[in-house]
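Visitor: got a predicted structure plus its sequence, pasted below:
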Amino acid sequence: MVAKRVNVAIVGGGLAGMAAADVLGRFGVKVLVLDDNLHPGGQYLRGGRQAGRSWFDPVRHRGLSLIERLPQSSVEIVNRTEVLGIESGFEILVADESSGISAISCDHVLLATGARERFVPFKGWTLPGVLATGAIQILIKQSGILPAAETLVAGAGLFLTAVARDIQKSGGRVPAVLDEAPFSKRMPAPRLLVQQSAKFALGGAMLARLRLAGTDVCNATRIIEARGHDGLREVVAARVDRSGVVIPGSETAYRAGCLGIGFGFTANVELAQLAGCGLAFNSGMGGWVVKVNEDLETSAEGIYAAGEVTAIGGAAKSLIEGRLAAFSILQRMARVNSINMRREISALKKARRRQMVFARYFNAQYDFAAGYMAEWMRSLPDDVPVCRCEDVNLGDLRRAVADGFDTPAAIKKATRCGMGICQGSTCKIILLDVLAALTGKPLAHVPLPSVRVPVKPVYLGTLAGEGP
Ligand SMILES: Cc1cc2nc3c(=O)[nH]c(=O)nc-3n(C[C@H](O)[C@H](O)[C@H](O)COP(=O)(O)OP(=O)(O)OC[C@H]3O[C@@H](n4cnc5c(N)ncnc54)[C@H](O)[C@@H]3O)c2cc1C
């Protein structure tokens, strides 16, 4: 069944994966990059050069140039391809749109699978017209489409401002950005401010442009309900106090046909979990991440990880880690020998440590204390949907926990939460938050549910070898 043999297989063609492929390719190492998107570049470079100018964004500029100049004799990129599993040895199980299922054999694996958005549910969050902020960005960057002339943006974290600004730049109006986090979380420590002055200047400029265009930017504000029958008509939001309790009388209703929501990011750890790599829970790094050492080796021999999957930290960190992981693989192959290379490795490690400080600040924006989360969850009514694929709502979870099903694995079996077509990609993290709130356990003690092949949805016909 093995269709191909390479030195290194890289799962994920985002900044981390492409930076690694570039370094390895320049050393003549046979590399295969497997990615399920239409084009290389992952989330950050989506839409390529067509998505706008890049000269004012050095990371974007570097990423795009790197893809354009990849050493093609040694690097092969296969897009529209899902990696379904990794067997020891290594054999990588792949589902390809055109040729169905096949296996790739390799000596080293680099997992650069990125992250996805995280959500906290509320009444009406599954109504037509309510979109993930990431989905809005994809529509804009990849297809040049605005979902609506006017879009309300809400949730928690710095990404809300970025998406609101993307909407505005594309000609859309954003009446308000509603952020659950208090303004105090936005204030960086003086050292971080100096270290990452360019990032903070960009963030400040974004906020100023939004405000100038008449966008209300409200902190400590929660979405209470999205209302409408066949689609979104109105969004009700309210102010919250420091302990997560809604302040009575602070409710505001916004007329809205489109609402973008996002509550930060969660690393795509499923393949690493399946391959037996150790995971760690670290709220400062964005929750569950792949455990790596300074050389980006995972606990599984021969498997490396780079980018958002090791800690949610943004595009610059992914670029640095991609290069660093490639050098680690080269070291393992005994291909790193010059003083200059060792100097570059140590410079990359230093730069990575600096990015980790920013990561802690970034993730703090959507990391709320256990008591705050418990209060938030308690305030949600029973009919709030949690798993939309299997039609499981919060009341179902509350009843299951009361009946003693108090782990993700038990609750999955009792309610089918997370067993639908999206394989829990959205509700799995919500389930962890709900379980921590209902059981009073720290989030770090609520284990992730186990994973099996295939980690991505695939047609049964494709699995059975019927081809596309
Ligand atoms: C929706 C979204 C929008 C974002 N927008 C921004 C932004 O505007 N600005 C910003 O600074 N940061 C943004 N981020 C954060 C962003 O992830 C990083 O800045 C940067 O793109 C990370 O690079 P990466 O290589 O680590 O991961 P990614 O760019 O996410 O690349 C990972 C790639 O791996 C692919 N993949 C994952 N699993 C599999 C599998 N099993 N089989 C095949 N392919 C797989 C993914 O589809 C993706 O193409 C965004 C993140 C998301 C999720």
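Guide: Sure, I can see it. None of these values were measured; they are calculated from a predicted model. Numbering: from 1, shown residues only.
Visitor: list the buried ones in the helix or strand hosting residue 352?
Guide: According to DSSP states H and E, residue 352 maps onto helix 339-364. Buried residues in helix 339-364, counted by 16 or more other Cβ atoms under 10 Å: 344-345, 348, 351-352, 355, 357-364. Bear in mind the C-beta positions are built from the backbone N, C-alpha and C, glycine included.
Visitor: can you list the residues of the chain near the ligand?
Guide: Within reach of the ligand by Cβ under 6 Å from any ligand atom, the chain has these residues: 11-17, 34-37, 42-44, 82-83, 112-117, 134, 137, 162, 265, 268, 271, 307-308, 314-315, 318, 455-456.
Visitor: pretty sure residue 262 contacts residue 132?
Guide: Yes: Residue 262 lies in contact with residue 132 (Cβ atoms under 8 Å); the separation is 6.0 Å.
Visitor: ok, back up a step: who does the helix holding residue 352 touch, helix- and strand-wise?
Guide: Using 3 or more Cβ pairs under 8 Å, 6 or more residues apart in numbering; DSSP states H and E, the elements in contact with helix 339-364 are helix 190-195, helix 315-332.
Visitor: now find how far off-centre the shortest one is within its chain.
Guide: Offset of helix 190-195 from its chain centre (Cα atoms, centre = their mean, to the nearest Å): 25 Å.
Visitor: could you do the last one as well?
Guide: Using Cα atoms, centre = their mean, the mean C-alpha position of helix 315-332 is found 19 Å from that of the whole chain.
Visitor: go through it and flag the buried ones.
Guide: Buried positions in helix 315-332, judged by neighbour count with 16+ other Cβ under 10 Å: 315-330, 332.
Visitor: repeat for stretch 5-13
Guide: Here stretch 5-13 shows 6-13 as buried, counting by 16+ other Cβ under 10 Å.
Visitor: any stretches of the stretch 351-468 of the chain with poor pLDDT?
Guide: For the stretch 351-468 of the chain, applying pLDDT under 70 flags the ranges 467-468.
Visitor: taking it, what residue is nearest to the ligand?
Guide: In the stretch 351-468 of the chain, the residue that lies nearest the ligand is residue 456 (5.1 Å; Cβ to the nearest ligand atom).
Visitor: for this structure, name the helix or strand with the lowest mean pLDDT.
Guide: helix 460-463 (a mean of 79; mean pLDDT, DSSP states H and E).
Visitor: mind listing what's buried in that one?
Guide: By neighbour count on 16+ other Cβ under 10 Å, the buried set for helix 460-463 is residue 462.
Visitor: and it, how far out from the chain middle?
Guide: Averaging C-alpha positions (Cα atoms, centre = their mean) puts helix 460-463 27 Å from its chain's average.
Visitor: remind me what it packs against, helices and strands.
Guide: strand 100-111.
Visitor: buried residues, the strand it packs on. List them.
Guide: Under the neighbour-count criterion of 16+ other Cβ under 10 Å, strand 100-111 has 100-101, 103-111 buried.
Visitor: partners of it in the sheet?
Guide: Using DSSP bridges, strand 100-111 pairs in its sheet with strand 2-11 (parallel), strand 91-96 (antiparallel), strand 303-305 (parallel).
Visitor: now do the helices in the protein.
Guide: 15-26, 58-68, 133-143, 159-169, 190-195, 197-212, 270-274, 315-332, 339-364, 370-378, 394-402, 408-415, 427-439, 460-463 (DSSP state H).
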